[in-house]
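*Asks:* Quick one, structure for this:
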Amino acid sequence: MRILAIAAAAAVLAGVAGAQAPQPIARHYVLAAVQRYLQHPLAAGAAAGVSYYAPLTTVAGDPELVIAGARPDLRRGGVDLECRATRDAGLPAFTIWLPQAAGWPTSAARSAQAAAPVLISPGHLAELDIHQGTMALVTQVRPLQPARRGERVRALSLATHAVVEVEAIGENQVQIADH
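*Replies:* Now for the predicted structure:
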């Protein structure tokens, strides 16, 4: 009985405040944004290969997604598209992965990679940012290979002398690579 009263009170408060319950972004909105960015329809059957993990939106209907940029995903062989919602200011940017077969020209992926500046140079010190909950730690590493934004390389930790896999996030800045 008490649980029902709490649920009813929450529903009334949400209705009074006019708040829309958080909900997933519909896949067809994401695919439409990708097609607008590519300026042509996705290759046949490629829509099934498009993957993303988007935060929940509080906008009812189309959040008006736009692709803010693209970079080659060297690890998986496709392209990462940075997506933002113009109608939901509280929605953080998220990444859409587009497989090579989806219609992204191979030459465009290569030229995007070649145009990206090298942010990490071997032998030069880089800052490793480590975030865990409310704790943040910054230490120095010595990268063993050059890297552009988003590329993974091995680096030697000056604090522990261990070799770690890191991802380039800025000029002489890296973070622990997700596995």
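*Asks:* Please make it C-alpha for all contacts and neighbour counts, starting now.
*Replies:* Noted.
*Asks:* Ile130 reaches Val166, doesn't it?
*Replies:* No. When contacts are counted by CA atoms under 8 Å, Ile130 is not listed as touching Val166 (10.5 Å).
*Asks:* neighbour-wise, which of these two wins?
*Replies:* Counted by other CA atoms under 10 Å, Ile130 and Val166 do not tie: Val166 has more neighbours, with 24 against 13.
*Asks:* Quick check: pLDDT value at that one.
*Replies:* Val166 carries a pLDDT value of 89.
*Asks:* Please, which helix or strand holds it?
*Replies:* strand 163-170 (DSSP states H and E).
*Asks:* continuing past that strand, what's the next helix or strand?
*Replies:* strand 173-176.
*Asks:* same for that next one, what does it pack against?
*Replies:* strand 126-132, strand 163-170 (3 or more CA pairs under 8 Å, 6 or more residues apart in numbering; DSSP states H and E).
*Asks:* Count the neighbours of the closest residue to Gln35 other than its chain neighbours for me.
*Replies:* Closest residue to Gln35 apart from its sequence neighbours, by CA to CA, 6 or more residues apart in numbering: Pro41 at 5.4 Å. When neighbours are counted by other CA under 10 Å, Pro41 registers 16.
*Asks:* mind listing the strands for the chain?
*Replies:* 51-52, 65-73, 78-85, 94-98, 118-120, 126-132, 135-143, 147-148, 152-157, 163-170, 173-176 (DSSP state E).
*Asks:* Nearest to Val30 among these would be which one?
*Replies:* strand 65-73 (6.9 Å; CA to CA).
*Asks:* Mind listing residues that contact that closest one?
*Replies:* Residues outside strand 65-73 that contact it (CA atoms under 8 Å, 6 or more residues apart in numbering): 29-30, 33-34, 37, 78-86, 109-110, 112-113, 150-151.
*Asks:* can you rerun that using 6 Å?
*Replies:* The contact list for strand 65-73 (CA atoms under 6 Å, 6 or more residues apart in numbering) reads Ala33, Val79, Asp80, Leu81, Glu82, Cys83, Arg84, Ala85, Ala109.
*Asks:* Centre of the chain to it, how far?
*Replies:* Relative to the chain's own centre, strand 65-73 is displaced by 9 Å; criterion: CA atoms, centre = their mean, to the nearest Å.
*Asks:* Please write out the alpha-carbon positions of it in PDB.
*Replies:* Output in PDB follows, covering the C-alpha atoms of strand 65-73 (Å, rounded to 0.1, in the frame of the first residue of the first chain):
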ATOM      1  CA  LEU A  65      20.000  14.600 -34.000                       C
ATOM      2  CA  VAL A  66      23.000  16.000 -35.900                       C
ATOM      3  CA  ILE A  67      26.400  14.500 -36.600                       C
ATOM      4  CA  ALA A  68      29.100  16.900 -35.400                       C
ATOM      5  CA  GLY A  69      32.100  15.000 -36.700                       C
ATOM      6  CA  ALA A  70      33.600  11.700 -37.900                       C
ATOM      7  CA  ARG A  71      36.800   9.900 -37.400                       C
ATOM      8  CA  PRO A  72      38.000   6.500 -38.500                       C
ATOM      9  CA  ASP A  73      37.700   3.600 -36.000                       C
END
